[in-house]
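# got a predicted structure plus its sequence, pasted below:
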Amino acid sequence: MNIEKYWKAVLDQNEEAMKTYFKKDAYVRWHNTNEHFTVEEFIRANCEYPGDWDGKIERMEVTADVTIVVVHVWTRDNAMSFHVVSFMRIEEEKIAAIDEYWGDDGEAPQWRQDKKIGTKIR
């Protein structure tokens, strides 16, 4: 399975291309919002999400059981930016399940800035 091409289809909100990457009975769970989607529901949620999107894979780890992908996702107008970690179970070169965790990018909370702890990654 080509993870890079899958993520391009996701970011392009390309419904037809996305369908080709999933097993028929696959599912996706977004833990931050406590949502469980069928493939059809997930593709609809992704493709109907407002805005034009871009992104890049920052890290990928492949084990015998799971492929872990970290992706930086942003709107093309740079109004919003997120990081997503996807735990993907691949079977027979198709996605069987994804557990995803989304986080908004932004500044450290004021209380940590006030304590002057931590430094910027980049």
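Sure, I can see it.
# so for stretch 14-34, what's the average pLDDT?
Throughout stretch 14-34, pLDDT has a mean value of 97.
# show the contacting residues for the residue lying closest to residue 90 once chain neighbours are set aside.
Nearest non-adjacent residue to residue 90, counting by CB to CB, 6 or more residues apart in numbering: residue 1, 5.3 Å away. Where you see a C-beta, it was placed from the backbone N, CA and C, and this is true even at glycine. Residues counted as contacts of residue 1 (CB atoms under 8 Å, 6 or more residues apart in numbering) are 21, 67, 90, 93, 94, 95.
# surely the third one touches residue 69?
Think residue 90. No. In this structure, residue 90 is not within contact of residue 69 by CB atoms under 8 Å, at 11.1 Å.
# show me which of the two is the more surrounded one.
residue 69 (22 against 18; other CB atoms under 10 Å).
# three-state assignment of that one?
Three-state assignment for residue 69 (DSSP: H, G, I helix; E, B strand; the rest coil): strand.
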